[in-house]
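Trainee: no sequence for this one, just the structure:
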């Protein structure tokens with residue numbers, strides 16, 4: 001564990017909403033993602049039959065869509081990988097907005113100049129995609145409790161060797177399959193430590209996205225990655241060791 005940014009931690013007693021009982025059965029999640037995005041669930045369902053041991057630190061298994069599968073289905077004309085990621089996040093936002101009240105503080109800013117996947121996360125997802133060839137990926141993850149009260153920058157610093165941050169696409173997809181995870185303001189919200197955000201589109205990616213709840217709606221924003229808040233925690237996932 002690094003001591004860098006150790007001062008970017010605050011005490012936190014925030015927890016998940018009592019309505020959230022943990023990840024739903026993985027096959028149910030896969031079918032839900034397939035239905036929401038019009039994807040093929042078959043390979044993910046087959047993979048789910050023989051899942052490895054849950055890595056230490058993970059709360060359970062979660063299903064998320066493959067960026068390439070979303071691109072092939074919804075925006076096949078897009079070939080640039082960074083643009084694909086941005087389009088996928090925009091699609092997730094649209095799906096959340098279609099299912100419940102949603103507000104995007106960064107409307108119009110989900111562009112390659114302002115949003116990109118963190119290198120550690122991009123590498124981890126590439127490794128996962130090598131063993132999972134279908135439209136839907138299965139990841140071992142935790143939804144913020146492990147890093148509550150830490151800044152995004154601090155959380156990244158203390159990730160264990162096989163841990164990586166979840167980005168806006170993954171967290172947004174989990175919000176779609178587990179809507180009860182974000183339902184009131186007195187809860188632990190989710191920093192998307194797998195993404196980097198540049199507020200001024202000037203090459204300074206010193207912010208990170210967040211999904212939170214307030215005013216009766218799910219909200220998406222991005223804040224400076226050095227700020228520690230007691231009501232937030234970085235969502236992360238783990239490679240099998």
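Mentor: Arrived safely, thanks for sending. None of these values were measured; they are calculated from a predicted model.
Trainee: all helices of this structure, in order?
Mentor: For the chain, the helices defined by DSSP state H occupy 26-37, 42-48, 67-74, 81-99, 119-131, 152-158, 168-177.
Trainee: for this protein, give me the ranges with low pLDDT.
Mentor: Applying pLDDT under 70 to the chain picks out residues 1.
Trainee: mind checking the end-to-end distance for stretch 7-20?
Mentor: 31 Å (CA to CA, to the nearest Å).
Trainee: tell me the buried residues in it?
Mentor: 8, 9, 12, 14, 16, 20 (16 or more other CB atoms under 10 Å). C-beta coordinates here come from the backbone N, C-alpha and C atoms, glycine included.
Trainee: ok, now stretch 222-238?
Mentor: 222-223, 225, 227-229, 231-238.
Trainee: how far away is residue 191 from residue 108?
Mentor: 22 Å (CB to CB, to the nearest Å).
Trainee: more neighbours: the two, which one.
Mentor: residue 191 (32 against 7; other CB atoms under 10 Å).
Trainee: wait, that one sits on residue 236?
Mentor: No: counting by CB atoms under 8 Å, residue 191 stays clear of residue 236, with 9.5 Å between them.
Trainee: which neighbours do these two share?
Mentor: 147, 155 (CB atoms under 8 Å, 6 or more residues apart in numbering).
Trainee: circling back to that earlier point, need the winner for burial among the helices of the chain.
Mentor: helix 168-177 (a mean of 26; mean count of other CB atoms under 10 Å).
Trainee: including distance to residue 213, could the helices of the chain go into JSON lines?
Mentor: Listed next are the helices of the chain as JSON lines, based on distance: least, CB to CB, whole Å:
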{"stretch": "helix 26-37", "distance to residue 213": "20"}
{"stretch": "helix 42-48", "distance to residue 213": "28"}
{"stretch": "helix 67-74", "distance to residue 213": "25"}
{"stretch": "helix 81-99", "distance to residue 213": "12"}
{"stretch": "helix 119-131", "distance to residue 213": "24"}
{"stretch": "helix 152-158", "distance to residue 213": "18"}
{"stretch": "helix 168-177", "distance to residue 213": "10"}
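Trainee: looking at those, which is closest to residue 203?
Mentor: With CB to CB, the closest approach to residue 203 among these belongs to helix 81-99: 13.5 Å.
Trainee: list the helices and strands that closest one packs on?
Mentor: helix 26-37, helix 67-74, strand 102-104, strand 115-117, helix 168-177 (3 or more CB pairs under 8 Å, 6 or more residues apart in numbering; DSSP states H and E).
Trainee: now do the last one: everything it contacts.
Mentor: Outside of helix 168-177, the residues within contact range by CB under 8 Å, 6+ apart are 24, 29, 32-33, 36, 62-65, 67, 85, 88-89, 92-93, 95-96, 99, 115, 139, 141, 143, 166, 181-182, 190, 192, 194-195, 209, 211, 218, 220, 235, 237.
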